[in-house]
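S.K.: how would this look folded up:
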Amino acid sequence: MKVLESAADLERFVAENGDCVVVFSTTHCPACMRLRRELENRAEIAGVPVAEAVLNRMPRRDAAVLAKRFGLAHVPTIVVFARGRRAAQRVGFAPIGKLEVWIGDVAGKREGGAEAER
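M.R.: All right, here's what the predicted structure looks like:
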């Protein structure tokens, strides 16, 4: 899983990929650590690129800007982008299988998902 080190990294990642997932986390959050272990060797989930933004490893100003922009009150927070725009957001740990279904539906990457309905 790619690690985003600044707000600019996040902007680049979303611009380059369009459809993607960003996991906002911290190093001291148990649920974040659990999710990180599940995703650490994956470049994609449900067919879309995934990256992690570790807020307490970023410059404080960047972390504050991202927290405000995405309403990050709790971590982990998972944001799905579709065509470069925030399409869905959820808070907390979920097993990888549930995340794949949710992300696939939001990004339209699963048969019967959003793309198939268009």
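S.K.: can you say which helix or strand has V101 in it?
M.R.: Element membership of V101 [criterion: DSSP states H and E] is helix 96-107.
S.K.: from the chain's centre, how far out is that helix? Work that out for me.
M.R.: Averaging C-alpha positions (CA atoms, centre = their mean, to the nearest Å) puts helix 96-107 11 Å from its chain's average.
S.K.: could you give the average pLDDT over that helix?
M.R.: Averaged over helix 96-107, pLDDT sits at 92.
S.K.: tell me what it is packed against?
M.R.: strand 44-45, strand 77-82, strand 85-91, helix 114-117 (3 or more CB pairs under 8 Å, 6 or more residues apart in numbering; DSSP states H and E). C-beta coordinates here come from the backbone N, C-alpha and C atoms, glycine included.
S.K.: which one of the ones you listed is the most hemmed in?
M.R.: Ranked by mean neighbour count under mean count of other CB atoms under 10 Å, the helices and strands packed on helix 96-107 are led by strand 77-82, which reaches a mean of 22.
S.K.: now what about that strand, what contacts it?
M.R.: The contact list for strand 77-82, computed with CB atoms under 8 Å, 6 or more residues apart in numbering, reads 14, 17-24, 48, 70, 86-91, 94, 99, 102-103, 106-108, 114.
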